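[1] Whatever this is, show me its structure:
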Amino acid sequence: MSQAASSNIVFDDIFYIQDIDREGKKFDRVSRLYAHSQNHEMDLTLDYNIELFPLHKDETVSLALATSLARGPPQTSGDRAADDEKSRDVWRPDGKGRRGLEEDYDYVMYGKVYRFDAGKDDIVTAYASFGGMLMSLTGGHRHMTNVVLGDPIYLLMRK
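    Below you'll find the model as predicted:
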């Protein structure tokens, strides 16, 4: 899915997994992958649940970051007040409620962008935490202009 298909998606690319648990395995059900993107020359380090989404070295995965699971353009603050009741159940574990972007992916995490570091030239690193599962995404600033420090974020992945 491209960013044009849903303006709630602020980043997407296909990543080639170069390594898993490079520094050793620290938790039973969590691994850390190291990957490089095919289109935007980005580097990704990501903790993920191996029971829910088993991955292997040399596989490719599609990864997207979104500000909401709702399909379509993001809501304005005026729309939010009117649609507050509806937007609350975009996704529910009981299968009820509106369907959103999660339907197109195999693995979804919800978290927050907690740090943004500037590197050399236009290279930046965005850091997010998904309930203690960490992500760092490093690459050209122009590919992450819509990833905002302090904002909640959804990470969506599929093989």
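[2] count of neighbours near residue 138?
    Residue crowding around residue 138 was assessed by other CB atoms under 10 Å; the count is 17. Placement of C-beta: from N, CA and C, glycine included.
[3] what's the offset of the helix or strand containing it from the middle of its chain?
    Secondary structure assigned from DSSP states H and E places residue 138 in strand 133-140. Its chain's C-alpha centre lies 10 Å from the corresponding centre of strand 133-140 when counted by CA atoms, centre = their mean, to the nearest Å.
[4] Just the residues contacting it, thanks.
    11, 30, 37, 40-49, 65, 109, 111, 119, 122-129, 144, 147, 155 (CB atoms under 8 Å, 6 or more residues apart in numbering).
[5] in that strand, what counts as buried?
    Neighbour counts over strand 133-140 (16 or more other CB atoms under 10 Å) mark 133-135, 137-139 as buried.
[6] looking only at pLDDT, what's the mean for the next helix or strand after that strand?
    Next along the chain after strand 133-140, taking DSSP H and E as the criterion, comes strand 152-158. Mean pLDDT, computed over strand 152-158, is 96.
[7] Over to stretch 129-138?
    For stretch 129-138, the per-residue pLDDT averages 96.
[8] pull the CA atoms of it into PDB?
    The C-alpha trace of stretch 129-138 is given here as PDB (Å, rounded to 0.1, in the frame of the first residue of the first chain):
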ATOM      1  CA  SER A 129       8.400   2.600  21.800                       C
ATOM      2  CA  PHE A 130       5.600   0.100  21.500                       C
ATOM      3  CA  GLY A 131       5.000  -0.900  25.100                       C
ATOM      4  CA  GLY A 132       8.700  -1.400  25.600                       C
ATOM      5  CA  MET A 133       9.300  -3.000  22.200                       C
ATOM      6  CA  LEU A 134      11.700  -0.500  20.600                       C
ATOM      7  CA  MET A 135      12.200   0.700  17.000                       C
ATOM      8  CA  SER A 136      14.800   3.000  15.500                       C
ATOM      9  CA  LEU A 137      14.500   4.100  11.900                       C
ATOM     10  CA  THR A 138      17.400   5.900  10.300                       C
END
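[9] Begin at 149, not 1, for the rest of this chat.
    Taking 149 as the first residue, the last one we looked at is stretch 277-286.
[10] For this structure, just list every one of the helices.
    Counting by DSSP state H, the segments of the chain that form helices are 225-235.
[11] so where do the strands sit in it?
    Counting by DSSP state E, residue ranges of the strands within the chain are 157-168, 178-185, 191-197, 208-214, 255-266, 271-278, 281-288, 300-306.
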